[in-house]
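Colleague: kindly return the folded structure for what I paste below:
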Amino acid sequence: FATFFSRNHAASEEARQLQRHQLEMLHLFRSSIQPLYRRAVCAPMRQRLLEMRELHVAVDTRDESSEDLFRRRRKVLALEKVGSTRLEDNQRKLSAAEIQLAQLEDSVSVSLDNVEKQLANYVEPPLLALTHISTSFFALAHRSSSVFE
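Modeller: The predicted model follows:
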C-alpha cells in the first residue's frame, strides 16, 4: 500500500488526486460544515446542558436544605429534653427551614416536570440538524468522489 503513494508507482498520479480530494473534503468540512454543525447542533445542546446544570444545582441546594432541616430537628429535640431557653428561637428556625425546603421541593419538582415535557425539544432538533448536515456532507463527498470510481 505504501508503494501506491511513491513517485515511481504507476498509479502515483491517482494517489496525488486522491490526496488532493481528501484535502478538498477536509477544507469543505472545516469551512462550511463545521460552523453549521456548531451553530445547529453544538450550541443548542450546550444550552440544554446548562439548563440541566442549573437543575443539578437546584437539587443540590434542596439536598443541603434537607440536611439543615434534619440538623435543626435534632437540635430542637435535644433542647426540648434539656428544657433550654433557646428552644423557642430554634423552633422558629426549624419552621423557617421547613418552609424553605418545601419551596425548594416545589422548585425542583417544577424544573423536573419541565425537563420531562421538553425532552423531545431538547434532543430532537439538534439530532435532526446533525442528520441533515451529515447527509449533505456525504452527498457532496459522493459527488466529488465519483471521479475515483
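
Colleague: any idea what sits nearest Leu36, other than its immediate chain neighbours?
Modeller: Ile133 (5.8 Å; Cβ to Cβ, 6 or more residues apart in numbering). Using the backbone N, CA and C atoms, a C-beta is placed for each residue, glycine as well.

Colleague: what sits against the one you found?
Modeller: For Ile133, the contacting residues are 33, 36-37, 40-41, by Cβ atoms under 8 Å, 6 or more residues apart in numbering.

Colleague: retrieve the pLDDT associated with the residue located most distally from the centre of the chain.
Modeller: In terms of distance from the mean C-alpha position of the chain, Gly83 ranks first, at 52.1 Å (Cα atoms, centre = their mean). pLDDT, Gly83: 84.

Colleague: show me the contacts of Ile133 that map onto strands.
Modeller: In strands, defined here by DSSP state E, there are no members of the contacts of Ile133.

Colleague: type out the PyMOL command that picks the buried ones from the residues you listed.
Modeller: To isolate the buried ones among these in PyMOL, judged by 16 or more other Cβ atoms under 10 Å, type:
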select buried, resi 33+37+40+41
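
Colleague: adding distance to His21 and pLDDT, write the contacts of Ile133 out as TSV.
Modeller: Listed next are the contacts of Ile133 as TSV, based on distance: Cβ to Cβ, whole Å; pLDDT from 0 to 100:
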residue	distance to His21	pLDDT
Ile33	16	77
Leu36	21	79
Tyr37	21	80
Ala40	26	78
Val41	26	77
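
Colleague: and the contacts of Ile133 as a markdown table, adding distance to His56?
Modeller: As requested, the contacts of Ile133 are arranged in a markdown table below (distance: Cβ to Cβ, whole Å):
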| residue | distance to His56 |
| --- | --- |
| Ile33 | 32 |
| Leu36 | 30 |
| Tyr37 | 26 |
| Ala40 | 26 |
| Val41 | 22 |
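
Colleague: Asp106: which of the contacts of Ile133 is nearest?
Modeller: Nearest to Asp106 out of these is Val41 (Cβ to Cβ; 33.8 Å).

Colleague: I'd say that closest one and Thr131 touch.
Modeller: No. Under the criterion of Cβ atoms under 8 Å, Val41 makes no contact with Thr131, lying 9.7 Å away.

Colleague: find residues that contact each of these two.
Modeller: Counting by Cβ under 8 Å, 6+ apart, nothing touches both Val41 and Thr131.
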